[in-house]
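Participant: how would this look folded up:
(one chain, ligands or ions: 1)
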Amino acid sequence: MAVVIVVGAQWGDEGKGKIVDLLTERAQMVVRWAGGANAGHTLVVDGKKHVTRLIPSGVLRAGVTCVLGEGMVVDPTVLVDEVRGFRAQGFLARHQDLVVAARAHLTMPYHREIDRLRDERPENSIGTTRKGIGPTYESKAARTGVRMGDLLHPERFRGQLARQIEHLMPLLTALGGAVPDATEIAAHYLALADELRPYIADASKLVHDAIVRGDNVMFEGAQGVLLDIDHGTYPFVTSSSSTAGGACAGLGIGPTKIDTVLGIAKGYATRVGGGPFPTELTDATGDLLRKRGNEFGSVTGRPRRCGWLDLPALRLAVRTSGIEGLALTKLDVLAGLERVRICTGYRLGGATVDEMPLDIDDLAAAEPIYEDLEGWPAAASSDTPPSATKAATRFVARVGELLDRPVWATSWGAGRSETILTYDPFAPDAMV
Ligand code: IMP
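Facilitator: Residues are numbered from 1 along each chain as shown. Model prediction:
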């Protein structure tokens, strides 16, 4: 048995969903610990595309329990939509396939409105997903949050809803927002509660029990380490802990229960929303990566900013999450380029730095130092697929060498079969 945390090692959208989905073959439980409907994990199975926003990527595996942990913020309208969609396709067939923490906080319509109204103001804009994530966490920290379990107690729910609205009214008024209709919101949310009731439980205890039982448990990170509220590129971050430590805090699981932390990164870098991005490509190569990699937000549809692989950023992720091995995804997107670049360090104020600085002005001033490597072909020859070419092998090896971490998986396309796994944390003895 193993308890494994998988984190995105960049700014999100690293292709985590697909790798997590592959690893779940041997997992009994897949757990999300933070964030909410700002995430969008794309999975392609048998040529069919599935996007999950709240439910962890294990959803496509029969017998896997998917857990939405206490540290999450849940928009029940999105969740019910997602549950209905998956159930209609035959997934989540048993009630025990899904657990939603009673203590997860609820995103309300006015949280989404505050998020949108704020982000529309250029002076405030950090390019959020406008799903109400930040404002929901603000209510939680202000101790005026309304939680999933409150939905099961209608009177309590109505009282807390009224209290939360009262608390947020000055902000809503200042932003020019509408006065929320508490009666309408309560009716809508309590109707959704009827559908969610079978899933609402003490997630922390259930995950703990699974670990004690000896199940294989995977904690699946949403967003990426560089968007972490404490250790990311603040203020251009999300409002939760996306580093590996957040998994323990988000589920109330002690760090002594975790066996390993694995990271996932793309062979290049992308970012949505604002904030400094030292290796950003604003030229034709950037456009090419965007087009080939289909780098448009799966939640918002926004074009993602694209750039070369940034090792100083990855080193920060490796250090702050204790990443022991790295998966490299979307290497097919780089195929066909004559030259592929890796940023190995930054030049900053006359010095060379090898880890991303988190002071926002330093980061904006950092100049990438590149190492150029030969590209690999796009088209597979019958005996040598692109993944097996000398140039591709060299790129993967060089990333591992520069990070001082093994690369345990590489991905060469969207489908399950286009991944080379050299290590499976749930079957370490069975792998090459
Ligand atoms: P929020 O999480 O919606 O508050 O957005 C804050 C920042 O995090 C913005 O730059 C978003 O684009 C980014 N972000 C949030 N979730 C994701 C994700 O799942 N992938 C990539 N970026 C994200």
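Participant: where exactly do the helices run in the stretch 51-200 of the chain?
Facilitator: Taking DSSP state H, counting those that start in this stretch to define them, one finds helices in the stretch 51-200 of the chain at 76-88, 109-120, 133-141, 154-175, 182-196.
Participant: Among those, which comes closest to R305?
Facilitator: Across those, R305 has its closest neighbour in helix 109-120 (16.8 Å, CB to CB). Every C-beta, even on glycine, is put in place using the N, C-alpha and C of the backbone.
Participant: hang on, the earlier thing: pick the most buried one from the helices of the stretch 51-200 of the chain.
Facilitator: Across the helices of the stretch 51-200 of the chain, the average number of neighbours (mean count of other CB atoms under 10 Å) peaks for helix 133-141, which reaches a mean of 22.
Participant: outside of it, which residues touch it?
Facilitator: Identification of contacts with helix 133-141 by CB atoms under 8 Å, 6 or more residues apart in numbering yields 35-38, 73, 105-108, 110-112, 114-115, 128, 145-146, 164, 167-168, 238-240.
Participant: and the ligand, which of the residues you listed contact it?
Facilitator: Taking CB under 6 Å from any ligand atom, the overlap between the contacts of helix 133-141 and the neighbourhood of the ligand is N38, T128, T238, S239.
Participant: Need the per-residue pLDDT for the residue in the stretch 1-150 of the chain positioned nearest to the ligand.
Facilitator: Here the residue of the stretch 1-150 of the chain nearest the ligand is G12; by CB to the nearest ligand atom that distance is 2.7 Å. Reading off the confidence values, G12 has pLDDT 93.
Participant: What strand or helix carries it?
Facilitator: Of the helices and strands defined by DSSP states H and E, none includes G12.
Participant: how many other residues sit next to it?
Facilitator: 26 (other CB atoms under 10 Å).
Participant: Identify the residues contacting it.
Facilitator: Residues near G12 by CB under 8 Å, 6+ apart: A39, A222, Q223, G224, L227, S242, V272.
Participant: try 7 Å
Facilitator: G12 makes contact with Q223, G224, L227, according to CB atoms under 7 Å, 6 or more residues apart in numbering.
Participant: Intersect those residues with the contacts of the ligand.
Facilitator: Q223, L227.
Participant: one step back: closest to E25 out of the helices of the stretch 51-200 of the chain?
Facilitator: Of all the helices of the stretch 51-200 of the chain, helix 76-88 sits nearest to E25, with 18.3 Å by CB to CB.
Participant: Which residues of the stretch 151-300 of the chain lie near the ligand?
Facilitator: Residues of the stretch 151-300 of the chain lying near the ligand (CB under 6 Å from any ligand atom): A222, Q223, L227, F236, T238, S239, V272, G273.
Participant: tell me the pLDDT at the closest residue to the fifth one other than its chain neighbours?
Facilitator: Spatially, and ignoring its direct neighbours in sequence, T238 is nearest to L227 (4.6 Å; CB to CB, 6 or more residues apart in numbering). Confidence per residue is given as pLDDT, and for L227 that number is 97.
Participant: Isn't L227 up against V237?
Facilitator: Yes: using CB atoms under 7 Å, L227 is in contact with V237, at 4.8 Å.
Participant: out of these two, which sits in the busier spot?
Facilitator: L227 (28 against 22).
Participant: residues contacting that one?
Facilitator: L227 makes contact with W11, G12, V237, T238, S242, according to CB under 7 Å, 6+ apart.
Participant: rerun at 8 Å
Facilitator: Residues near L227 by CB under 8 Å, 6+ apart: W11, G12, T233, F236, V237, T238, S242.
Participant: what about it, distance to A244?
Facilitator: Look at L227 and A244: by CB to CB, to the nearest Å, they are 14 Å apart.
Participant: How about I19?
Facilitator: Using CB to CB, I19 is found at 15 Å from A244.
Participant: Between which two of the residues of the stretch 151-300 of the chain next to the ligand is the distance greatest?
Facilitator: Across these, the longest distance by CB to CB is 16.7 Å; it joins A222 and F236.
Participant: Just the pLDDT at V45, thanks.
Facilitator: Here, the pLDDT recorded for V45 equals 78.
Participant: and D209, that one's in a strand?
Facilitator: No: applying DSSP: H, G, I helix; E, B strand; the rest coil, one finds D209 to be helix, outside a strand.
Participant: what about T107, how many neighbours?
Facilitator: Neighbours of T107 under the rule other CB under 10 Å: 28.
Participant: thought it was touching L79?
Facilitator: No: using CB atoms under 8 Å, T107 is not in contact with L79, being 9.8 Å away.
Participant: T52 and G85, how far apart?
Facilitator: From T52 across to G85, the span is 9 Å (CB to CB).
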